[in-house]
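K.L.:
With the input below, show me the fold.
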Amino acid sequence: ADLKGALKESLESNGTLDSLRSQLRAELYKAIFDEQQPRAPLCSENLLINELILEYLEYNRYQYTASVLVSEAGQPAEPLAKDILQRELGLGDSGQDMPLLYQILQLLRSRAGVQPLPAGMDRSTAAARLPQQPHP
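P.N.:
Sure thing, here's the model as predicted:
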């Protein structure tokens, strides 16, 4: 029992268990839904939005989540080049090797006069610092 607990704790602490769970979910999704449902053609707005999300997911190493999105959305196998995304969204080259969603977020926050959250802040502290908006 101690060995089992220690193994589980080790796999959880280094992220392996979460990675295996994500990979299993992605493979199950592919096996169940990949070819069964015909997809509607991908409109240009959805293509751009999905590309932004995929760039973010891949940057943050959420490979299995990205693979499910590609499979479910019917995204082209070859991603759009970053310069094409920037041009389509009217964004300049920030010179940073960060996903465009971060650039969009920074742009919107600066236009609204909102200060960026400090780096390394944990989720609950960050959530407490965000302005509270009533739900519609």
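
K.L.:
residue closest to the middle of this protein?
P.N.:
Closest to where the C-alpha atoms of the chain average out (C-alpha atoms, centre = their mean) is L57, at 3.2 Å.

K.L.:
if you average pLDDT over the helix or strand containing L24, what comes out?
P.N.:
Assigned by DSSP states H and E, L24 belongs to helix 16-33. The predicted model assigns helix 16-33 a mean pLDDT of 78.

K.L.:
And the contacts of whichever helix or strand comes after that helix?
P.N.:
Sequence order places helix 44-59 as the next helix or strand after helix 16-33, per DSSP H and E. Contact with helix 44-59 is made by 42, 63, 65-66, 69-70, 73, 75-76, 79-80, 82, 85, 88-89, 98-102, 104, as judged by C-beta atoms under 8 Å, 6 or more residues apart in numbering. C-beta: built from backbone N, CA, C; applies to glycine.

K.L.:
which secondary structure elements does the helix holding L24 contact?
P.N.:
helix 2-13, helix 63-73 (3 or more C-beta pairs under 8 Å, 6 or more residues apart in numbering; DSSP states H and E).

K.L.:
and L108, what element?
P.N.:
According to DSSP H and E, L108 maps onto helix 100-111.
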